[in-house]
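> Show me the folded form of this:
(chains A, B, C and D)
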2 protein chains.
Amino acid sequence: MANRSAATSAALTALADPTRRQVFERLRKGPRAVGDIAEGLPVSRPAVSQHLGVLKAAGLVTDEAQGTRRLYRIDPQGLGPLRAWLDQFWDEAMTNFAAEVERTAPKKPRSRR
Amino acid sequence: MANRSAATSAALTALADPTRRQVFERLRKGPRAVGDIAEGLPVSRPAVSQHLGVLKAAGLVTDEAQGTRRLYRIDPQGLGPLRAWLDQFWDEAMTNFAAEVERTAPKKPRSRR
DNA sequence: ACTCTGCGTCACCCATCGCTTACCGTAACT
DNA sequence: AGTTACGGTAAGCGATGGGTGACGCAGAGT
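Numbering: from 1, shown residues only, chains lettered A, B, ... in the order given. Okay, the predicted model is just below:
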């Protein structure tokens, strides 16, 4: 992953797919194997494997070989760039919005709603 | 937008597309008209219009008719659900990760790094 | 050595999506 | 009234991407 915006883009596209988000959310409580994750999902195991590949490429999960099984776990740092991008966006949008409200409706400097 | 998860899903899919993110980022500094946004982008104006429609459906932007022009601005609350989802995820993943590190390597109770 | 289990990978199919070119409606100006 | 500027919408096309089933490989147990 070269720069931060690339990581953000990868994370967004990875989390955009619904089934991929389901796969990702199944790792919240801890590491799980591929077959474990696929069980109960409406898609086949190869599909889950591919989704995990995308998540791994996006830096959102890491894998660890454990015998014939393969444990996937969430990489806590993976969401970092996305969070940073979102926060920056949030702040800038908020301040600009407040500034513009102040500009277009300068009647009451301290209007509560 | 019915529930919070639907809003999160819509926001994610909306922001996943690169050109749509470009459109979105062009609104950071304030409201702009459609033609304004399209100028300089590698896509045509109708494409931008469609992207704005998706962003609007996702609750990320609002529009306001201004004569023959139409001003689009970022809805500051639009990113709320996505932020909430991300933060919740971040926290849970962090705690679980720390707990598991503690469990798999219980040698040093207070390992830095 | 044989077998079984667990995953990754390949090839292919089908649906979705982003983009373009037309077209149409509306608001402002002369 | 006509004209111009601006933008939403429809139709169609090409590309992308998620899904499946088939195959192959490595590890563990017998």
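
> what about A:V34, distance to A:V23?
A:V34 sits at a distance of 10 Å from A:V23 (criterion: CB to CB, to the nearest Å). C-betas here are computed from N, CA, C, even on glycine.

> the helices in chain A, which residues?
Secondary structure of chain A, counting by DSSP state H: helices at A:4-16, A:18-25, A:34-38, A:45-57, A:80-104.

> So, low pLDDT: which residues of chain A?
Counting by pLDDT under 70, chain A contains low-confidence residues at A:1-2, A:97, A:100, A:103-113.

> Phi and psi next, for A:G40.
Here is the backbone geometry of A:G40 (degrees, to the nearest 10): phi 100, psi -20.

> Enumerate every residue touching it.
Residues near A:G40 by CB atoms under 8 Å, 6 or more residues apart in numbering or on different chains: none.

> do that again at 10 Å, thanks
For A:G40, the contact set (CB atoms under 10 Å, 6 or more residues apart in numbering or on different chains) comprises A:22, A:26.

> Against chain B, how distant is it?
Relative to chain B, A:G40 is positioned 18 Å away (CB to the nearest CB, to the nearest Å).

> Please identify the deepest-packed of the helices of chain A.
For the helices of chain A, the largest average neighbour count (mean count of other CB atoms under 10 Å in any protein chain shown) is found in helix A:4-16, namely a mean of 20.

> Measure how that helix sits relative to helix B:80-104, angle-wise.
90 degrees (axes from the mean of the first three to the mean of the last three CA atoms, to 10 degrees).

> mind saving the C-alpha coords of helix A:4-16 as PDB?
What follows is helix A:4-16, C-alpha atoms only, in PDB (Å, rounded to 0.1, in the frame of the first residue of the first chain):
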ATOM      1  CA  ARG A   4      -2.700   6.800   2.600                       C
ATOM      2  CA  SER A   5      -5.300   7.700   0.000                       C
ATOM      3  CA  ALA A   6      -4.800   4.400  -1.700                       C
ATOM      4  CA  ALA A   7      -5.400   2.600   1.500                       C
ATOM      5  CA  THR A   8      -8.600   4.600   2.100                       C
ATOM      6  CA  SER A   9      -9.800   3.800  -1.400                       C
ATOM      7  CA  ALA A  10      -9.100   0.100  -1.000                       C
ATOM      8  CA  ALA A  11     -10.800   0.000   2.400                       C
ATOM      9  CA  LEU A  12     -13.900   1.700   1.000                       C
ATOM     10  CA  THR A  13     -14.200  -0.500  -2.000                       C
ATOM     11  CA  ALA A  14     -13.600  -3.500   0.200                       C
ATOM     12  CA  LEU A  15     -16.300  -2.600   2.700                       C
ATOM     13  CA  ALA A  16     -18.800  -1.500   0.000                       C
END
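
> quick one: the closest residue to chain B within chain A and B:R20, what's the gap?
Nearest residue of chain A to chain B: A:A16, at 3.6 Å (CB to the nearest CB). Remark: distance between A:A16 and B:R20 (CB to CB) = 11 Å.
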